[in-house]
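quick one, structure for this:
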Amino acid sequence: MGYTHYFRRAPKLEKKEFKLFAKDVVKIFEFAKENGILLADGLGEKGTLPVADDEMIRFNGLEEHSFETMAIDRIAREQPSDDGKVFNFCKTGRRPYDEIVTAVLVCFKLHFPSAEIDSDEEGFDEGKEICEKLFSVAPQKAGREERKND
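Residues are numbered from 1 along each chain as shown. Predicted coordinates:
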């Protein structure tokens, strides 16, 4: 099956909050670049950039460091399950961009507390550390109210 991160969320996310989330994701992408983690668009192609805008987040590792697209749309393309939530996942194959995927998911949980995030094995430790460095988030918590410097 492969090493995978999972998330469940509302089918439609509030536009203003998604815009704030996208701005934080750009900071995570900058962290990746500063730390030598090569990112690209969702296909992982050379000469492309990861996407974080008002409607979507799309990225992958670059070329041989790519695996599966990490994608979060403001308005989900998938149909919600009986509980009203949409299920998504991203397999990373433990490629270097894995820690950026976990940071984006921790950040997602900060902006959308009703979202649920889960992971195979190790979980979100690296993502929590990145978010703590960038946003002063207590690593043991994942609620928006845990931001120290809003």
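
same question for the longest helix seen in the chain, mean pLDDT?
In the chain, taking DSSP state H as the definition, the longest helix is helix 15-34. For helix 15-34, the mean pLDDT works out to 98.

who does that helix touch, helix- and strand-wise?
The contact analysis (3 or more C-beta pairs under 8 Å, 6 or more residues apart in numbering; DSSP states H and E) places helix 15-34 against strand 39-40, strand 51-52, strand 56-61, helix 98-111, helix 125-135. Bear in mind the C-beta positions are built from the backbone N, C-alpha and C, glycine included.

give me that answer again for 7 Å
strand 51-52, helix 98-111, helix 125-135 (3 or more C-beta pairs under 7 Å, 6 or more residues apart in numbering; DSSP states H and E).

closest to Phe18 out of the ones you listed?
Closest approach to Phe18 among the helices and strands packed on helix 15-34 (C-beta to C-beta): helix 98-111, 7.7 Å.

and the closest one with helix 125-135, angle?
60 degrees (axes from the mean of the first three to the mean of the last three C-alpha atoms, to 10 degrees).

what sits up against helix 98-111?
Contacting residues not belonging to helix 98-111 are listed as 5, 7, 17, 20-21, 24-25, 28, 32, 37, 39, 57, 70, 72, 90, 92, 115, 117, 119, 124, 126-128, 130-131, 137, 142, 144 [C-beta atoms under 7 Å, 6 or more residues apart in numbering].

which among the residues you listed count as buried?
The neighbour-count test (16 or more other C-beta atoms under 10 Å) applied to those identifies 5, 7, 21, 24-25, 28, 32, 37, 39, 57, 70, 72, 90, 92, 115, 117, 119, 124, 126-128, 130-131, 137, 142 as buried.

most remote residue from the protein's center?
Farthest-out residue of the chain from its mean C-alpha position, per C-alpha atoms, centre = their mean: Asp82, at 24.3 Å.
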